[in-house]
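[1] please work out how this folds:
(4 chains)
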Protein chains: 2
Amino acid sequence: MSGTDTNVPHLLSHPLPAPVPVGELAACPVADVLHRVGDKWSVLVLVLLGRRPYRYNELHRGIEGISQRMLTRTLRGLETDGLVARTVHPSVPPSVEYDLTPLGRSLLGPLSALAEWAVRHGDEIAAAREIQLRT
Amino acid sequence: MSGTDTNVPHLLSHPLPAPVPVGELAACPVADVLHRVGDKWSVLVLVLLGRRPYRYNELHRGIEGISQRMLTRTLRGLETDGLVARTVHPSVPPSVEYDLTPLGRSLLGPLSALAEWAVRHGDEIAAAREIQLRT
DNA sequence: CGGAATCCCATGTGATACTG
DNA sequence: CAGTATCACATGGGATTCCG
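    Now for the predicted structure:
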C-alpha cells in the first residue's frame, strides 16, 4: 500500500514541522472515511461481508448485539458510500443479499492494518485507561 | 506486552465463511480503536503531533475550526488511551506541550495506510454519494 | 496561556412494535 | 424475510463565558 507511492502525498509519514494549518487535512477525506468506518458497527459489517455475501437476517444473527434499526442504517450508509451492494432476488419469500463492492473490498487492506495494530496494542490502551481510572 | 505475540490472526484477510458469530470481533478492540480515532478531530491531532510536539494554543491555531472544548476533550481522550503525552513546563507563563507517545507513534503507520486509501478513493465515495442524492 | 463550566443542539444508538 | 416507525436516551460537538 505504501509501496506504490507515486503521486499520493504521505500525509502522515513525513516528520517535518507543519508550515501551514491542516486545512490540507481537514479538506482531505481522511477524517471523513474515519468517521464513516468509525461508528459502532460498520467495520464489523465490512469484515463479515469481506468473507462472503450475507443476507439481512444472516447478518443480524452474525453480529451479536446489533439492533435491526442499526443494521439497516449501517447497511444503508455503506451502500450510499458505494462500499456495499444490495441485491434483491425476486423470490418467494424475497431474499436480499449484501456484498462488498470492489471499492469496499479495497478498503479491507488498510482496515486490516489498523485491525492488526488494534489487536497488538489493544491491551496497552486498556492498561492506559485503567491507570486513568484509579487516579 | 503483546509484543511477543507473533501469530496475530488476520481478522480481515481470510475469505473463509464465518463459522461463528463475530463475538470474536465485537470482543476484539478493532471497533474500539476505530471509534476512538473515528471522531471528528482525533486523527488531525495525531497527524500534527506526528510531526513534532505542539503547545495547546499552537494546536488550536493549527487545526482550523476546532473549538477549545473539543481540542481539550480530544487531547484528554488520546491521553487517557496512552496515545498522547502531556508535559507541563513550570515557567511563567506556564507552557504545556503535547507529544505522541511511542504507542501513539506506532499508530501512525496503520493510520497512514487508511489515509492513503482515503485519498485515492475519496472521490469514488463522493461520487457514490452524489448518485444517491439525485434519486 | 491553558484551560474549565455551562448551555444548547445534532446525531448515534437502542428498545419496541408493526408491516408487505 | 426484510425491513419501517416511533420513542427515548446517551454522546458528540459548538458557542460562550469565566478562571488561575
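[2] how about the helices in chain A?
    A:23-27, A:30-37, A:42-51, A:56-62, A:68-80, A:102-133 (DSSP state H).
[3] relative to chain B, which of the ones you listed is closest?
    With C-beta to the nearest C-beta as the criterion, chain B lies closest to helix A:102-133 of the helices of chain A, at 2.9 Å. Quick note: C-beta positions are derived from backbone N, CA and C, even for glycine.
[4] got the contact list for whichever residue of chain A sits closest to chain B?
    Residue nearest to chain B within chain A (C-beta to the nearest C-beta): residue A:38, separated by 1.4 Å. With contact taken as C-beta atoms under 8 Å, 6 or more residues apart in numbering or on different chains, residue A:38 is in contact with B:34-35, B:37-39.
[5] let me know the pLDDT of it.
    For residue A:38, the pLDDT comes out at 91.
[6] excluding chain neighbours, what is closest to it?
    Leaving aside its sequence neighbours, residue A:38 sits nearest to residue B:38 (C-beta to C-beta, 6 or more residues apart in numbering or on different chains; 1.4 Å).
[7] can you pull the phi and psi angles for the one you found?
    phi -80, psi 0 (degrees, to the nearest 10).
[8] out of everything not next to it in sequence, what's closest to residue A:70?
    residue A:41 (5.8 Å).
[9] what about the one you found, neighbour count?
    21 (other C-beta atoms under 10 Å in any protein chain shown).
[10] that one and residue A:72 touch, don't they?
    No. With contact defined as C-beta atoms under 8 Å, residue A:41 does not count as touching residue A:72 (10.7 Å).
[11] for the residue nearest to residue A:70, give me its contacts.
    A:63, A:66, A:70-71, A:74, B:31.
[12] these also near DNA strand C: which ones?
    For DNA strand C, the contacts drawn from the contacts of residue A:41 by C-beta under 7 Å from any atom of the strand are A:66, A:70.
[13] between the contacts of residue A:41, which has the most around it?
    Going by other C-beta under 10 Å, residue B:31 tops those with 24 neighbours.
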